[in-house]
Every structure is written in structure tokens, then in C-alpha cells.
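Student: sequence first, predicted model second:
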Amino acid sequence: SADVVEEEEAEEEEHQPLATEVTNDDGGNANIANNADIIVIKDEDEEEELQQPSATYDDHEYDTYSTFATAAANVLDEPIVEQENEIQGYGQVESRYDPWNNHHARRFLVVKLSEKRKMYVVNHVKMESIEVYHNPAGIDFDVSLDSFFGPNNAINKRVSLYTGDIRCLEIDAIVNAANESLLGGGGVDDAIHKAAGESLKKECELLGGCRPGYAKISGGHRLPAKYVIHTVGPRNKDGEILKSCYTNVFSLVREKNIKTIAFPCIVTGDFGFSIEEACNIALKTTRDWLEGHHEEVERIIFCVFDEDTKKIYAKLMKLYFPAPTNLTLDGYLPECWNQRKRTRVMSGDWD
């Protein structure tokens, strides 16, 4: 009967997954099953050839796109997926995110340097003008550390101590001591966002925030630096999380083939660390990393803003980046370094 047919049709409809058709950002469409977690994307344009991006942006000429950048121009911005760091238990950015895939960042990455300089709102300092750190012979024994490092000129020539505004450095990347939102805060975080412009915030809105100990990369936008690496320090006095900030930044340095990078002072003052405590962690973690990777970078710059902080860094850098010495005393041969025991010894009358 008609009633039976209607009941059977109603039962079939109850077992059919409800689906809603939505329009994709790229013009395709997606069927979303309400009773499932799977979204099936139907891209109506996937067979079309990639179109060459415009050669101009805001009346500025840009370099010709590389093959990668051409493809990146057609990739939708994707959310970043964080993965666990099995060694330290703190996360780092999954490698598939790249600022080149974000149109807010890419417009500044492809511009010629001569044209980009017209966009700066701060003065710029060229890499060539930043001196390599020079440690005079000798060591301050009044500073106690658990371990010392031996002299290594190949490592020493890759570090610098610079007093000035980190925003002005025209290098591959600067590090931002960010908050968890990545949308700007106080101190150096606020200063970097203001100099980079509103487009940095728009890119950071897509990064999904950042937890303490993690690091995420963005473009440099109107800054002289090509990239900004954002890291969030601990909100308590946790040295392991602070160490993780540096190790995860260095992971991105290797991944993105960054050769020159500058660090500000991270988590000092209101966050429980004295400048000396934070500096010890920064310098030791950096020296440990350089022991195995110094050939992969050209310069790591520790950027300070005042003379008092500079004195603390300079004092501790003598321990972590000591210079070879030729100290001689009456009746003694030159001071030497015992690599096996990692101690300094005076050889006396014997050799």
C-alpha cells in the first residue's frame, strides 16, 4: 500500500548520512557528512594549469618567481600541525609550513632588496658591519659553571655580541620573544610587530598560537630581516623549557637553511629569570648546538639593548667561547686545555 511505501522510504532516509554542500575557498566544493569526520573535497579546477602570479605587488616590481614560489602562490594557507619532540618532550613546528605559502609573507619575500628597503620603517644594519665576537685571552674564574668548553676558532668566528635594535638587522632571521597568541604583546614582541606591519599579524593569525618551548616561523614583512622565528618562553622559572626555545629555533634554522640569525634576551625580568641565568642557558645551548652544526651557519648574533646586559653577556661569553691563550709564567709552560677531562691545566716544568 501507499502507507507501507512511505514508511520504507522514511526508514531509508533515516539511514542515509546527511550531507551539506559547501563552497571551497578555491572555487571547488566539498560534501560534508554530518555523521562522519571526513570531508571529501571535489576540486573542479584541479585540471587547470597553474597561472603565473602577477609580477607586481602594490606598484613594486618583484623578482621572477622560482618554480617553487610559482606553485606556492597557488597553495591555500594551511593550519600548522604541531608534533611532539621525542627527545625533550616539547613541540616544534611541522616542516610543511613555509612562509612562501602565505600571500601576506610572500609579497615581501620575493621583492628585490633595493625595493624592499623602501618599505622599511626602521633603519637597517648590514650583516657586514657586525663584528665577530673577539674574546681576549684569559678566563674569569670567579664565574662558576658545571663545565667549560675548549677554545675553537671555527665556532668563535660564528658568534657576535651586538648592542642595538634587533629590528634593524638586515639578516636572514631574527627571533621574537613572543607570547602564546603570536599576535603581539609587550617589549620586543610589540616592537617587532609594529615595525613589520599589520601583515605580520595577519600571517600569525594562521599559525594557531604557540606553546612555551615551541618555535614557529613567519615572514619578515617590512622588517629588514627575511624571516621572524617566534618562540614562547616559560611562564615560570623552567630552564628546560627555555632551553627548548633555543633548540627548536635551531631546528628551524637547519630546516629553512638560515645562515644568519639574531636572538634577543628571552624571558628575563618579570618571568623569574635573571639576565645572568637566562644568558647562561642561551649561551650553553648555543655552544652545544654549534659543536655539531657550526659549518651550517655563518653567524649567530646575541642582540642586547643596554650596556649592563652587554657586560653580563661579555663576561659569560668568555667561558662558552674562550679564545686560545698563550699565557706564560716564570717556570711554567703555556697554559693548555685538557680536552679529555675538559679542564684547563698549567703544565709546569714538564711537557
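Tutor: Yep, that arrived.

Student: so, low pLDDT: which residues of the protein?
Tutor: When residues are selected by pLDDT under 70, those of the chain lie in 1-96, 135-148, 268-271, 325-351.

Student: show me what the helix ranked longest in it is packed up against.
Tutor: Ordering each helix of the chain by length in residues (DSSP state H) puts helix 275-293 first. If contacts are counted by 3 or more C-beta pairs under 8 Å, 6 or more residues apart in numbering; DSSP states H and E, helix 275-293 sits against helix 153-156, helix 239-255, strand 299-304, helix 307-320. Where C-beta positions appear, they are placed from N, C-alpha and C, glycine not excepted.

Student: can I get the third one in CSV, CA atoms only?
Tutor: Output for strand 299-304, consisting of C-alpha atoms alone and laid out as CSV, is shown next (Å, rounded to 0.1, in the frame of the first residue of the first chain):
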residue,chain,number,x,y,z
ARG,A,299,76.6,34.0,12.2
ILE,A,300,74.6,33.8,15.4
ILE,A,301,74.1,37.2,17.0
PHE,A,302,73.2,37.9,20.6
CYS,A,303,71.5,41.3,20.5
VAL,A,304,71.3,43.3,23.7
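
Student: what's in contact with that strand?
Tutor: With contact meaning C-beta atoms under 8 Å, 6 or more residues apart in numbering, strand 299-304 is reached by 127, 130, 132, 158-164, 166, 169, 171, 174, 259-265, 282-283, 286, 290, 310, 313, 317.

Student: try it again at 6 Å.
Tutor: 158-163, 166, 260-264, 310, 313 (C-beta atoms under 6 Å, 6 or more residues apart in numbering).

Student: ok, back up a step: out of the helices and strands packed on helix 275-293, the one nearest residue 230 is which?
Tutor: Of all the helices and strands packed on helix 275-293, it is helix 239-255 that lies closest to residue 230, at 9.3 Å by C-beta to C-beta.

Student: now the element after that closest one, going C-ward?
Tutor: Downstream of helix 239-255, the next assigned helix or strand under DSSP states H and E is strand 260-263.

Student: pull that following strand out as PDB, backbone CA atoms only.
Tutor: Output in PDB follows, covering the C-alpha atoms of strand 260-263 (Å, rounded to 0.1, in the frame of the first residue of the first chain):
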ATOM      1  CA  THR A 260      72.400  34.400   9.900                       C
ATOM      2  CA  ILE A 261      70.200  34.800  12.900                       C
ATOM      3  CA  ALA A 262      69.900  37.100  15.900                       C
ATOM      4  CA  PHE A 263      68.500  36.400  19.400                       C
END
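
Student: parallel or antiparallel, list what pairs with it.
Tutor: Paired strands of strand 260-263, with direction, are strand 173-177 (parallel), strand 299-304 (parallel) (DSSP bridges).

Student: for residue 157, which non-adjacent residue is spatially closest?
Tutor: Excluding the flanking residues, the one nearest residue 157 by C-beta to C-beta, 6 or more residues apart in numbering is residue 132, at 5.1 Å.

Student: the one you found touches residue 156, doesn't it?
Tutor: No - counting by C-beta atoms under 6 Å, residue 132 does not reach residue 156; the two are 7.4 Å apart.

Student: who has more neighbours out of the two?
Tutor: Taking other C-beta atoms under 10 Å, residue 132 and residue 156 do not tie; residue 156 has more neighbours (20 against 11).

Student: excluding its backbone neighbours, what's nearest the more buried one?
Tutor: Closest to residue 156 by C-beta to C-beta, 6+ apart is residue 321, at 5.0 Å.

Student: how many neighbours does the one you found have?
Tutor: 24.

Student: cool, residue 316 as well?
Tutor: Count around residue 316 with other C-beta under 10 Å applied: 21.

Student: how much space between residue 319 and residue 287?
Tutor: 9 Å (C-beta to C-beta, to the nearest Å).
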